[in-house]
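>>> predicted coordinates and the sequence they were generated for:
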Amino acid sequence: MRWILWILGVLIGFAALVAAFGAVLPVAHVATRRARFKQAPEALFEAITSAQDWRPQVKKYEVLSEQEGKRRWKETDKRGDVITYEVVERQPPTRYVTRIADPKLPFGGRWIFAIKPFAGGAEVTITEEGEIYNVFFRALAKLVFGYTSTIDDYLKALGAKFGEQVSPEG
């Protein structure tokens with residue numbers, strides 16, 4: 001019986017340590033990654049701004065009705081988590097800004113897509129201006145997942161859509 005209490009105490013202590021670490025981290029963060037593609041900016045802009053059925057992480061993509069003149073959609077990932085997004089800014093084919101439009105989530109923020117042409121293709125830079133409200137998620141993002149893992153997955157999937165293997169960089 002004593003060893004069960006000892007294990008329980010260690011687990012509670014570990015959870016408290018993770019929460020304390022997350023509490024001292026800032027809520028907001030900025031992360032930027034980029035990759036080069038052998039595609040024209042227009043083709044990349046079209047892929048980024050259309051249905052995301054080419055992304056392996058997205059199980060379902062639904063267009064929602066506009067709200068206050070802003071295009072909105074909902075993505076369901078492979079785990080069944082649902083996130084609603086909206087367009088903040090659209091300047092084809094060089095700039096696209098989206099944001100998470102669900103205030104009930106333990107995180108939020110926006111993604112800024114910048115597409116810059118170069119000889120033979122274009123470079124896509126994604127800047128995440130994120131916020132993580134939950135102290136446990138904040139600690140896990142910093143220690144386990146990193147702030148750029150979702151951006152890297154997105155850029156690799158975008159490359160795969162065009163039959164390219166890309167290497168995101170900072």
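Sure, I can see it.

>>> ok, then the element right after the longest helix belonging to the chain?
Criterion DSSP state H: the longest helix present in the chain is helix 2-24. Under the assignment DSSP states H and E, the closest C-terminal helix or strand after helix 2-24 is strand 28-37.

>>> so what does that next one touch, helix or strand wise?
Judged by 3 or more Cβ pairs under 8 Å, 6 or more residues apart in numbering; DSSP states H and E, strand 28-37 is in contact with strand 121-132, helix 149-161. Bear in mind the C-beta positions are built from the backbone N, C-alpha and C, glycine included.

>>> turn those into CSV, columns for distance to Lys104, mean pLDDT and mean neighbour count.
Listed next are those as CSV, based on distance: least, Cβ to Cβ, whole Å; pLDDT from 0 to 100; neighbours: other Cβ atoms under 10 Å:
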stretch, distance to Lys104, mean pLDDT, mean neighbour count
strand 121-132, 14, 97, 19
helix 149-161, 19, 97, 18
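
>>> out of these, which comes closest to Ala35?
Ranking the helices and strands packed on strand 28-37 by their distance to Ala35 (criterion: Cβ to Cβ) puts helix 149-161 first, at 4.3 Å.

>>> orientation of the closest one relative to strand 28-37 in degrees?
Angle, helix 149-161 to strand 28-37, by axes from the mean of the first three to the mean of the last three Cα atoms, to 10 degrees: 20 degrees.

>>> CA atoms only for helix 149-161 - export them in PDB, please.
What follows is helix 149-161, C-alpha atoms only, in PDB (Å, rounded to 0.1, in the frame of the first residue of the first chain):
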ATOM      1  CA  SER A 149       6.400  20.800 -35.800                       C
ATOM      2  CA  THR A 150       2.900  21.600 -37.200                       C
ATOM      3  CA  ILE A 151       4.400  24.100 -39.600                       C
ATOM      4  CA  ASP A 152       7.000  21.600 -40.700                       C
ATOM      5  CA  ASP A 153       4.300  18.900 -41.300                       C
ATOM      6  CA  TYR A 154       2.300  21.500 -43.300                       C
ATOM      7  CA  LEU A 155       5.200  22.400 -45.600                       C
ATOM      8  CA  LYS A 156       6.200  18.800 -46.100                       C
ATOM      9  CA  ALA A 157       2.600  17.900 -47.000                       C
ATOM     10  CA  LEU A 158       2.400  20.900 -49.400                       C
ATOM     11  CA  GLY A 159       5.600  19.600 -51.100                       C
ATOM     12  CA  ALA A 160       4.100  16.100 -51.300                       C
ATOM     13  CA  LYS A 161       1.000  17.500 -53.000                       C
END
